[in-house]
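> Any chance you could fold what I've pasted below:
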Amino acid sequence: MPSSIPYDPSLVLANVVDNRALQLIQQISAAAAPADAAQNDLNALIAMRRSLDMTRNELVNLGINTKSCNDELSSLNDEITAAAEDYVKKKITAEKAIKPLRAQIKGVSAQAESPVDYTKTQIKSMPLASDSMNMDVQYFSMDSNIESADAYASTIATFVAASTSWMGVNASKDMSNAAQKQVSSQAKKHSLSGTLVLSVSCTHKNASVLAPFVLNPDKAIGTWNHLFPNDSLDPTNRLEMMRCAWAKEDQGTANRYSILSGMTFGSSFVGMVHVLNSTDSKVSETMTSAVQSLQSQMDAAAWYEAQSGGFGVNSSIATDVKNLLSSQNVTTHVTLISMGVIPSMVASEVKLGVQTFAKFDPKASMDAIAELQNSTVQGENSLKASAQAARTGKQMVTMKGMEIKAALEGLAEIDDGHNKMLDINSMMSALDDYLKKAAEGNSGVPLNYFLKDITKKDLAEAWVAKYYPGQYNAITNDDTTAVARA
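Numbers count the residues shown, from 1 in each chain. This is a model prediction of the structure:
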């Protein structure tokens, strides 16, 4: 992405310029320039390729032969590949060169007082530059949802009846079985991931300049003596000040300091967002119910008149097994470097919550088991009645199937509330606010610095013009009106 605009907080309008800070900014800009130029070339080739693809598609729709176009596009692909490789190499090289330079920028600094007379100097905004914008945006999004569900319900009923007559003994045995089984399994996995990388750089037409620019000679001399203690000025010695004002100085070797008298502005917006929101749920439930009834009767009238007996066994078993695993994972990483404009960042709400059984308590589970078990028992009793009718009536009887009642438990959402977080929507809202403020042109970081050099001779002339007006042909080095000697 294009680099953000380098800026040192010590470079303040109307203050004395730290040459080392200015040179550091220039070195960072020079190191980033080859990579930025390579990216502009790559983006231009990609944009051209997409435009030509659309043109080729139009020709195909018109039935025009596009063989020569395809050949040219193939060669263009080679150029894009070479441009991408060149950009990657230059970007890595630039970052390695900028890293030690950026570490030298100080967030807090101290310097000499500004020699500008703020009571007489004005800061004016003038449209000396031009508005421009360079934008590069890349967005990737993937939304996947996988759901699977299996449900199984079965009912099995059997009835066996046998009667024997042996040595005058009639014995009969009835055995019935009924069983129900309900099985359910569900799996759900939802994943939403997105990455947004964007960079915007703007130049603003409005420049800030000091007009009129007025120096305070006393403050300016104090600043000089602070910066050059071995080449100081003595404002209490009038003759020395006048000799310095009349003297010739070597412009190449003379000491000097610079005042930042104006600047043009720009701004940059470089951001990256990566969001991952995944939800994974797995649930299974198995319910079984079995009823078995055994009844035996014996008729021994041949041996003992009217002697009969019987015994019976009835057993019923029901089980319910539940398993649920539901998890949610939300991660976000947001990086934003905005120079010259402070955009508004608005957090978005993300819903938090996993799944649970709708009625996960012992009473509800026992009620479901009892419902399934009662249904099974009723089916077993109906089975016995139908079998008895068939046996006594000597005919086939259509047996009513056991009614299957759904007893499996549903799922519900656990509402964990909503959390605020920065995401792609937050970044786009910040971009909208940035573009609005950048268009207004009321802020920015310096792009071009207007420097006014001050020498020892300049300060002596300003001192003479202030304290001896009209006595000497004073040459002012600011925007005050010079008064010539009468």
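
> Quick one: mean pLDDT over stretch 138-155.
The average pLDDT for stretch 138-155 rounds to 70.

> Okay, now the unreliable bits of the stretch 301-450 of the chain?
By pLDDT under 70, the weakly predicted segments of the stretch 301-450 of the chain are 301-326, 350-418.

> and residue 41, how many neighbours does it have?
Summarising burial for residue 41: neighbours were counted as other CB atoms under 10 Å, giving 16. Any C-beta I mention is one placed from the backbone N, CA and C, and that applies to glycine too.

> cool, residue 333 as well?
Using other CB under 10 Å, residue 333 is surrounded by 11 other residues.

> Not counting sequence-adjacent ones, nearest residue to it?
residue 274 (4.7 Å; CB to CB, 6 or more residues apart in numbering).

> measure that neighbour to residue 118 for me?
Distance of residue 274 to residue 118, given as CB to CB, to the nearest Å: 47 Å.

> Report the beta-bridge partners for the residue nearest to residue 333.
Beta-bridge pairing for residue 274 (DSSP bridges): residue 195, residue 333.

> Likewise for residue 208?
Residue 208 forms beta bridges with residue 125, residue 263, as assigned by DSSP bridges.

> Contacts only, for it.
Listed by CB atoms under 8 Å, 6 or more residues apart in numbering, the contact set of residue 208 reads 13, 123-126, 262-263, 265.

> all helices of this protein, in order?
If you assign secondary structure with DSSP state H, the helices in the chain sit at 19-61, 67-102, 217-227, 238-246, 362-393, 424-440, 456-467.

> Switch the ones you listed over to JSON lines; also include distance to residue 196.
Output for the helices of the chain, formatted as JSON lines (distance: least, CB to CB, whole Å):
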{"stretch": "helix 19-61", "distance to residue 196": "17"}
{"stretch": "helix 67-102", "distance to residue 196": "19"}
{"stretch": "helix 217-227", "distance to residue 196": "48"}
{"stretch": "helix 238-246", "distance to residue 196": "61"}
{"stretch": "helix 362-393", "distance to residue 196": "46"}
{"stretch": "helix 424-440", "distance to residue 196": "5"}
{"stretch": "helix 456-467", "distance to residue 196": "53"}
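
> Deepest-packed of those helices, please.
Comparing the helices of the chain by mean neighbour count (mean count of other CB atoms under 10 Å), helix 456-467 ranks first with a mean of 21.

> What helices and strands are in contact with that one?
In this structure, helix 456-467 packs against helix 217-227, helix 238-246, with contacts taken as 3 or more CB pairs under 8 Å, 6 or more residues apart in numbering; DSSP states H and E.

> And those: which comes nearest residue 65?
Distances from residue 65 to each of the helices and strands packed on helix 456-467 were compared using CB to CB; the minimum, 74.4 Å, belongs to helix 217-227.

> what's that closest one in contact with?
For helix 217-227, the surrounding residues in contact (CB under 8 Å, 6+ apart) are 16, 112-117, 232-233, 235, 255, 257, 454, 456, 459, 462-463, 465-466.

> circling back: state the distance from the residue nearest to residue 333 to residue 338.
On the measure of CB to CB, residue 274 and residue 338 end up 18 Å apart.

> Those two: who's more crowded?
Each of residue 274 and residue 338 had its neighbours counted (other CB under 10 Å), and the higher figure belongs to residue 338 (22 against 17).

> Quick check: that one touching residue 433?
No - checked against CB atoms under 8 Å, the pair residue 338 and residue 433 is beyond contact range at 9.9 Å.

> Who are the contact partners of residue 128?
Taking CB under 8 Å, 6+ apart as the criterion, residue 128 is in contact with 205-207, 209, 264.

> List only buried entries from the residues you listed.
Buried members of the contacts of residue 128, scored by 16 or more other CB atoms under 10 Å, are 206-207, 209, 264.

> want to throw those residues into JSON lines with pLDDT and distance to residue 103?
Shown next, in JSON lines, are the buried ones among the contacts of residue 128 (pLDDT from 0 to 100; distance: CB to CB, whole Å):
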{"residue": "206", "pLDDT": "91", "distance to residue 103": "32"}
{"residue": "207", "pLDDT": "92", "distance to residue 103": "30"}
{"residue": "209", "pLDDT": "93", "distance to residue 103": "32"}
{"residue": "264", "pLDDT": "93", "distance to residue 103": "27"}
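
> In JSON lines: the residues you listed, plus distance to residue 41.
Written out in JSON lines, the entries for these read as follows (distance: CB to CB, whole Å):
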{"residue": "206", "distance to residue 41": "30"}
{"residue": "207", "distance to residue 41": "30"}
{"residue": "209", "distance to residue 41": "35"}
{"residue": "264", "distance to residue 41": "26"}
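
> Between these, which sits nearest residue 100?
Checking the buried ones among the contacts of residue 128 against residue 100 with CB to CB, the nearest one is residue 264 at 27.8 Å.

> How much space separates that closest one from residue 196?
In this structure, residue 264 lies at 30 Å from residue 196, with CB to CB as the measure.

> before we move on, back to that, rank the helices and strands packed on helix 456-467 by pLDDT, which is bottom?
Per-segment confidence across the helices and strands packed on helix 456-467 bottoms out at helix 238-246, which has a mean of 87 in mean pLDDT.

> Summarise which helices and strands that helix is packed against.
Judged by 3+ CB pairs under 8 Å, 6+ apart, helix 238-246 is in contact with helix 456-467.

> and the helix it packs on with helix 217-227, angle?
In this structure, helix 456-467 runs at an angle of 150 degrees to helix 217-227, with axes from the mean of the first three to the mean of the last three CA atoms, to 10 degrees as the basis.

> angle of helix 456-467 against helix 238-246?
With the same axes, to 10 degrees applied, the angle from helix 456-467 to helix 238-246 works out at 120 degrees.

> Run through the stretch 1-150 of the chain and note the low-pLDDT ranges.
For the stretch 1-150 of the chain, residues meeting the criterion pLDDT under 70 lie at 1-3, 147, 149-150.

> swap the cut-off to 80 and go again
In the predicted model, the stretch 1-150 of the chain carries pLDDT under 80 at residues 1-4, 107, 140-150.

> Over to the stretch 151-300 of the chain?
Counting by pLDDT under 80, the ranges of the stretch 151-300 of the chain that qualify are 151-193, 249-254, 277-300.
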